[in-house]
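In: coordinates only, sequence not included:
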């Protein structure tokens, strides 16, 4: 409802004692507002705007979904007794859409779906809902777990989890989810395959070494391991070439700029860009460091608790390993990183702590060159 300015001022005069006018709103109408009236007017408008925003948030039916490999459970925040179970298939998605259509804007409030990022099982359902223009949010499972602990929820079932997720959505209003671009999804899949192949290469190499150390070596066993290791090496090269081709087409100049930072090579540059959407989902380097889990965590309380500061590790472990290896190289060849490393070592810091500080600085350098599209300058 829009309230005329004159009416609001008239209403304000009932509670505010008129004093000397200090502010003129409109010179044409000669409308004079005193300072107390102006303060009351601004407070009134602020309250109306806040109430309108809260009303828009509450005019949604938040729906929690607890998804698994075969099925997913659905629960409404209001009423809490309304719960459903569907198969995690295309037919189950259609049944869910029919249910949401029956409770949609034509029959009540629009629905907002909230679900956990449960491995790969949420992706198809979230993409289906987004394609059908239904608001969906995907949250970290740790957030839901902490929310349940805060509410002192003791039960742990699929139905209860769905209800808890719905209550979280109603309380926190999570941001909507958007699907990841196809090229970024392809790079993530290739990176996962590359990590698996590299782990197999290490295992096969260690197994071959162990066989050669024995006093008896079966020719067939040794040949099988050697042949398998050769195949794995070929597949690793194939995946790396495919990643380089897709990354060059997707990121282009950003990839070149990122590789200009001493200590960051082609492999790490591709992983960083694909894991962060070319840093587009972060507004600062601090957020990026927190996403990778390389920020220090202070553990202190009162006068008795003085815990040792460590990195949070609440992030992407695979990327963190790459950054650690890059920090070893940057501590030697990156001038600013080398100065930081030597300064921390001179203060008596442990080698790993100094290298993690170098990794933190390396991420900040990477964020700066990519966001400004400027090659690294020492």
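Out: That came through fine. Given the structure is predicted, the values throughout are model-derived calculations rather than measurements.
In: all contacts plus neighbour counts: C-alpha atoms, from now on.
Out: Noted.
In: where along this structure do the helices fall?
Out: For the chain, the helices defined by DSSP state H occupy 5-13, 35-58, 90-102, 123-131, 141-150, 158-172, 182-212, 219-251, 253-259, 266-276, 285-292, 317-333, 335-346, 351-372.
In: Now the fourth one: buried residues?
Out: With burial defined by 16 or more other Cα atoms under 10 Å, the residues of helix 123-131 counted as buried are 125-130.
In: and that helix, what does it pack onto?
Out: In terms of contacts (3 or more Cα pairs under 8 Å, 6 or more residues apart in numbering; DSSP states H and E), helix 123-131 is packed against strand 135-139.
In: Tell me which strands the strand it packs on pairs with, and in which orientation.
Out: Using DSSP bridges, strand 135-139 pairs in its sheet with strand 111-116 (parallel).
In: The strand it pairs with to helix 158-172, inter-axis angle?
Out: 120 degrees (axes from the mean of the first three to the mean of the last three Cα atoms, to 10 degrees).
In: quick one: contacts of strand 111-116?
Out: Contact partners of strand 111-116, identified using Cα atoms under 8 Å, 6 or more residues apart in numbering, comprise 60-67, 100, 103-104, 122, 134-141, 144, 165-166, 169, 174.
In: can you check stretch 327-340 too?
Out: Stretch 327-340 is contacted by residues 261-264, 341, 354-359, 361-362, 378 when judged by Cα under 8 Å, 6+ apart.
In: same thing but 10 Å
Out: The contact list for stretch 327-340, computed with Cα atoms under 10 Å, 6 or more residues apart in numbering, reads 261-264, 321, 323-324, 341-346, 352, 354-363, 365, 378.
In: in that stretch, what's buried?
Out: Across stretch 327-340, burial judged by 16+ other Cα under 10 Å covers 327-332, 334, 336-338, 340.
In: Tell me how far it lies from the chain's centre.
Out: The chain centre lies 28 Å from the centre of stretch 327-340; the measure is Cα atoms, centre = their mean, to the nearest Å.
In: what's the straight distance from one end of that stretch to the other?
Out: End-to-end distance for stretch 327-340, by Cα to Cα, to the nearest Å: 11 Å.
In: could we number from 30 for the rest of this?
Out: All set: I'll call the first residue 30, so the last point we hit is now stretch 356-369.
In: average pLDDT for that stretch?
Out: The pLDDT scores in stretch 356-369 average 94.
In: And stretch 317-327, what's buried?
Out: 317-325.
In: In CSV, list the residues you listed along with distance to residue 100 and pLDDT.
Out: As requested, the buried residues of stretch 317-327 are arranged in CSV below (distance: Cα to Cα, whole Å; pLDDT from 0 to 100):
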residue, distance to residue 100, pLDDT
317, 34, 91
318, 36, 90
319, 33, 88
320, 30, 90
321, 31, 90
322, 32, 88
323, 36, 88
324, 37, 84
325, 39, 81
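In: Make a PyMOL selection of whichever of the contacts of strand 140-145 turn out to be buried.
Out: Buried members of these, defined by 16+ other Cα under 10 Å, are picked up in PyMOL with:
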select buried, resi 89+90+91+92+93+94+95+96+129+133+151+163+164+165+166+167+168+173+194+195+198+203
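In: Could you list the domains of the protein?
Out: 34-87, 90-201, 211-280, 283-407 (automatic domain parsing).
In: What's the separation between the spatially most central residue of the chain and residue 313?
Out: With distances taken as Cα atoms, centre = their mean, residue 320 lies nearest the centre of the chain, 6.9 Å away. Taking Cα to Cα as the measure, residue 320 and residue 313 are separated by 11 Å.
In: ok, now residue 331?
Out: With distances taken as Cα to Cα, residue 331 is found 31 Å from residue 313.
In: More neighbours: these two, which one.
Out: Per other Cα atoms under 10 Å, whichever of residue 331 and residue 313 has more neighbours is residue 313, with 14 against 6.
In: separation between the more buried one and residue 319?
Out: Distance of residue 313 to residue 319, given as Cα to Cα: 10 Å.
In: Hmm, residue 293 is touching residue 287, no?
Out: Yes: using Cα atoms under 10 Å, residue 293 is in contact with residue 287, at 7.3 Å.
In: Looking at the two, which is more packed in?
Out: More crowded of residue 293 and residue 287, by other Cα under 10 Å: residue 287, with 27 against 24.
In: Quick one: mean pLDDT for stretch 373-383?
Out: Computed over stretch 373-383, the mean pLDDT rounds to 91.
In: got it, and stretch 281-301?
Out: 92.
In: Tell me which of the helices of the chain is the most buried.
Out: The highest average neighbour count among the helices of the chain, using mean count of other Cα atoms under 10 Å, belongs to helix 187-201 at a mean of 22.
In: What helices and strands are in contact with that helix?
Out: Using 3 or more Cα pairs under 10 Å, 6 or more residues apart in numbering; DSSP states H and E, the elements in contact with helix 187-201 are helix 64-87, strand 90-96, strand 100-105, strand 112-116, strand 140-145, strand 164-168, helix 170-179.
In: at 6 Å instead, please
Out: Applying 3 or more Cα pairs under 6 Å, 6 or more residues apart in numbering; DSSP states H and E, one finds that helix 187-201 contacts strand 90-96, strand 100-105.
In: related to what we said a few turns ago, unless I'm mixing things up, the residue nearest to the centre of the chain is touching residue 344, no?
Out: Yes: using Cα atoms under 6 Å, residue 320 is in contact with residue 344, at 5.3 Å.
In: Give me the common contacts of these two.
Out: Common contacts of residue 320 and residue 344 (Cα atoms under 6 Å, 6 or more residues apart in numbering): none found.
In: Distance check, the nearest residue to residue 157 once chain neighbours are set aside against residue 158.
Out: Distances taken as Cα to Cα, 6 or more residues apart in numbering place residue 122 nearest to residue 157, at 7.5 Å, with adjacent residues excluded. Distance of residue 122 to residue 158, computed by Cα to Cα: 8 Å.
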